[in-house]
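Asks: my questions concern the predicted model and sequence given below.
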Amino acid sequence: MRLEHATRKRVGDPAVSEVSGVVLVHNIAPEKQVLVHYRDAGGIWRAVPARYESAPPWGSPERWVFSGIVYPADHAEPARFAIQVVVAGREYWDNNEQHDYLLDPEGIVFGDGQTFGFDRLQRIVEFVAWRYHMDVMKIEEAMPLPGRGYTARFKVTIGRSVGPGRYAHVRCVGIAVRGAEVSVLSQTPCESIPPLDPVTP
């Protein structure tokens, strides 16, 4: 059992910041309970149930989806959560190797943190497509962001492809990568981030 991915988006009117995602669960018994434990804006731990969505023809892994983890729209602290599965009289946890998952506003976190370093650039490309519906033109690594553990920073030039080598709506965005999480440096102008080395997406 592991988290596939989770996102945190601003939704609704009045607006709130909601976490939703997908959990992959091995089908070792038909009856099971999947819970997502999270710390709310007041610091209290709560739990929301995930619901079964689908499974491949061979039966495993099942996809379970969750939502309803809600914070005030202006809550800037990362969402903290872990996943519990109760099945066949036993319980299993995915708590990001005892560190819990952390998810910033407008961010996405993947559940394959152990291998994340090998495809970090691909994750940035996926994030840009999800968040902006655009293509990546250039990625420049920047100085790490201090505080809250090691956080890498990237200057990413994005645009919408309109033909071979041609892009429209070109702009620069600042991207933070902490473990398996990718998010926007919303309070940092991209142009103010000093690059270290250009890298290839």
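Replies: Yep, that arrived.
Asks: where does the chain have low pLDDT?
Replies: Scanning the chain for pLDDT under 70 picks out 112-120, 143-151, 179-180, 186-188, 195-201.
Asks: helices along that one, start to end?
Replies: For the chain, the helices defined by DSSP state H cover 120-132.
Asks: dump stretch 3-22 to PDB, restricted to CA.
Replies: What follows is stretch 3-22, C-alpha atoms only, in PDB (Å, rounded to 0.1, in the frame of the first residue of the first chain):
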ATOM      1  CA  LEU A   3       0.200   7.000  -1.700                       C
ATOM      2  CA  GLU A   4       0.100   7.400  -5.500                       C
ATOM      3  CA  HIS A   5      -0.200  11.200  -5.300                       C
ATOM      4  CA  ALA A   6      -2.000  14.000  -3.500                       C
ATOM      5  CA  THR A   7      -2.800  17.600  -4.500                       C
ATOM      6  CA  ARG A   8      -3.700  20.700  -2.600                       C
ATOM      7  CA  LYS A   9      -5.900  23.200  -4.500                       C
ATOM      8  CA  ARG A  10      -7.900  26.300  -3.800                       C
ATOM      9  CA  VAL A  11     -11.600  25.400  -4.400                       C
ATOM     10  CA  GLY A  12     -15.100  26.600  -3.700                       C
ATOM     11  CA  ASP A  13     -16.900  29.800  -2.900                       C
ATOM     12  CA  PRO A  14     -16.100  30.900  -0.300                       C
ATOM     13  CA  ALA A  15     -12.600  29.500  -1.100                       C
ATOM     14  CA  VAL A  16     -10.900  26.800   1.000                       C
ATOM     15  CA  SER A  17      -7.600  24.900   0.500                       C
ATOM     16  CA  GLU A  18      -8.500  21.200  -0.100                       C
ATOM     17  CA  VAL A  19      -6.200  18.100  -0.200                       C
ATOM     18  CA  SER A  20      -7.300  15.200  -2.300                       C
ATOM     19  CA  GLY A  21      -5.500  12.200  -3.700                       C
ATOM     20  CA  VAL A  22      -5.200   8.500  -4.700                       C
END
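Asks: which residues sit against it?
Replies: 23-24, 36, 38, 53, 63-73, 75, 79, 81, 83, 94, 96, 101, 103-111, 130 (CB atoms under 8 Å, 6 or more residues apart in numbering). Where C-beta positions appear, they are placed from N, C-alpha and C, glycine not excepted.
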